[in-house]
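K.L.:
Fold the stuff below for me.
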Amino acid sequence: QVQLVESGGGLVQAGGSLRLSCAASGGTFSRYFMGWFRQAPGKEREFVASISRGGFNIYYADSVKGRFTISRDNAKNTVYLQMNILKPEDTAVYYCAASSLNYSPSTRSYDYWGQGTQVSVSS
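P.N.:
From the prediction side, this is the model:
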């Protein structure tokens, strides 16, 4: 059983930056494909970014490409999401997730989820 705990959310003005962290415990972190998802009020949870076990393969949603950067540190059992040039439409609860499969933008492909961290971007 893998436990995931996100941190780093908050309130920021449009154009600002935040860095989210997700610390994993209870499993072998390097065995999992890691992803970030987000869910805005009244909307479905959507894929943001994912990173392969060794960090060599990275995928982004078109809406965040060029602004967000996903990375991982297997020695620290942590995955990060650096978010730059934030927009009001980035406002959502951000979740990290772990998958025993390979790349997929579907929430159904992920086995473990964190509790989420709120990101709010004011205009």
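K.L.:
does residue 112 really touch residue 25, like I thought?
P.N.:
No - the criterion here is C-beta atoms under 8 Å, and residue 112 misses it with residue 25 at 10.7 Å. Glycine gets a C-beta too; all of them are placed from N, C-alpha and C.
K.L.:
Find residues that contact each of the two.
P.N.:
Common neighbours of residue 112 and residue 25, counting by C-beta atoms under 8 Å, 6 or more residues apart in numbering, are 2, 3.
K.L.:
Neighbour count: those two, which is higher?
P.N.:
residue 112 (18 against 11; other C-beta atoms under 10 Å).
K.L.:
Quick check: the more buried one vs residue 8, distance?
P.N.:
Look at residue 112 and residue 8: by C-beta to C-beta, to the nearest Å, they are 19 Å apart.
K.L.:
Now tell me what touches the strand or helix carrying residue 80 from outside.
P.N.:
Per DSSP states H and E, residue 80 falls inside strand 78-83. With C-beta under 8 Å, 6+ apart as the test, strand 78-83 has contacts from 17-24, 34, 36, 48-49, 51, 64, 67-73, 90, 94, 96, 119.
K.L.:
mind listing the strands for this structure?
P.N.:
Assigned by DSSP state E, the strands in the chain fall at 3-7, 10-13, 18-25, 33-39, 46-51, 58-60, 68-73, 78-83, 92-99, 112-113, 117-122.
K.L.:
okay, the residue nearest the centre of the chain: pLDDT?
P.N.:
Geometric centre of the chain, nearest residue: residue 36, 2.3 Å, by C-alpha atoms, centre = their mean. Listed pLDDT for residue 36 reads 98.
K.L.:
just residue 82 next, same as before
P.N.:
Value for residue 82, per-residue pLDDT: 98.
K.L.:
so it bridges to which residues?
P.N.:
residue 19, residue 69 (DSSP bridges).
K.L.:
just the angle between the strand holding residue 80 and strand 46-51, please?
P.N.:
Angle, strand 78-83 to strand 46-51, by axes from the mean of the first three to the mean of the last three C-alpha atoms, to 10 degrees: 120 degrees.
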